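**Q** Predicted structure and sequence below. I'll ask about it afterward.
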Amino acid sequence: MARYTGPKSKIARKFKEPIFGPDKALEKRNYPPGQHGNAKKRGKQSEYAIQLMEKQKAKYTYGILERQFAKIFAKAARSHGITGEVLLQLIEARIDNVVYRLGIAPSRRAARQLVSHSHITVNGTVVNVASYTLKAGDVIAVREKSQSLEAIVNCVTGSVNKYPWLDFDRTTMSGKFINRPERSQIPENIKEQLIVELYSK
């Protein structure tokens, strides 16, 4: 399973956002990494550089590599609706993201691990592919023999259902993907229109 395994704090500092979750390094040094630190004079970025940075931020935020991201964008471009919004909706519908959103895992990386280790079911069937795309009405649950795992129990105990497009029952450790979220319901700070402009070049 291909995934990003490099440094996380450097990436967070590059975008000046805690895209991998709370980060003490980012709090202490809220400026881009590099030999000269905050003293380095940085020239004005080109339009292309700004668009590329936005795409990279989206990729790192959701833990998707280049080829897979390009495939999702191509699918979004073929779909009805605003391409940028559809792109984010398709990414949000990935099972690893939904497991994270439901509060079953503390991060998308942890959610991806739960999925790949066969701890998650969709409509009663084990799914171990993190990129699996959910459809409206799908029921996501923790596999029965995995419900006693300490890591899962700790997460579910403190979880709060914050997203109107998802429904979660802590007692049964199962949730429902009601529908794809509206753009206003997706909290990520991503300017999707810049990504569309980048791929349109």
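**A** All right, it came through fine.

**Q** quick one, what contacts Phe168?
**A** Leu102, Gly103, Ser159, Asn161, Ser174, Gly175, Lys176 (Cβ atoms under 8 Å, 6 or more residues apart in numbering). No exception for glycine: its C-beta is placed from N, CA and C like everyone else's.

**Q** which of the residues you listed sit farthest apart?
**A** Ser159 and Lys176 (14.7 Å; Cβ to Cβ).

**Q** how's this structure carved up into domains?
**A** Annotated domains of the chain cover 8-90+188-199, 94-179 [automatic domain parsing].

**Q** Out of the ones you listed, which gets the lowest mean score?
**A** Mean pLDDT values for the domains of the chain show the minimum at domain 8-90+188-199, a mean of 80.

**Q** got the CA coordinates for stretch 117-133 in CSV?
**A** Extracted C-alpha coordinates of stretch 117-133, given in CSV (Å, rounded to 0.1, in the frame of the first residue of the first chain):
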residue,chain,number,x,y,z
HIS,A,117,-5.5,-4.7,8.7
SER,A,118,-9.2,-5.8,8.1
HIS,A,119,-10.7,-4.2,11.2
ILE,A,120,-13.5,-2.4,9.2
THR,A,121,-16.5,-3.7,7.4
VAL,A,122,-18.8,-2.0,4.9
ASN,A,123,-22.4,-3.4,4.7
GLY,A,124,-21.2,-6.5,6.7
THR,A,125,-18.2,-7.3,4.4
VAL,A,126,-14.6,-6.7,5.4
VAL,A,127,-13.0,-4.0,3.3
ASN,A,128,-9.2,-3.7,3.4
VAL,A,129,-8.6,-1.1,0.6
ALA,A,130,-8.1,2.4,2.0
SER,A,131,-9.2,4.0,-1.3
TYR,A,132,-12.6,2.2,-1.3
THR,A,133,-15.2,4.8,-2.2
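
**Q** Run through who's touching that stretch.
**A** Contacts for stretch 117-133 (Cβ under 8 Å, 6+ apart): 1, 68, 90, 93-96, 99, 104, 111-112, 114-116, 134, 138-143, 146, 149, 152.

**Q** switch to 6 Å and redo it
**A** 93-96, 99, 112, 114-116, 138-141, 143, 146 (Cβ atoms under 6 Å, 6 or more residues apart in numbering).

**Q** buried stuff in stretch 159-179?
**A** Of the residues in stretch 159-179, those buried by neighbour count under the rule 16 or more other Cβ atoms under 10 Å are Ser159, Tyr163, Trp165, Leu166, Phe168, Arg170, Met173, Ser174, Gly175, Lys176, Phe177.
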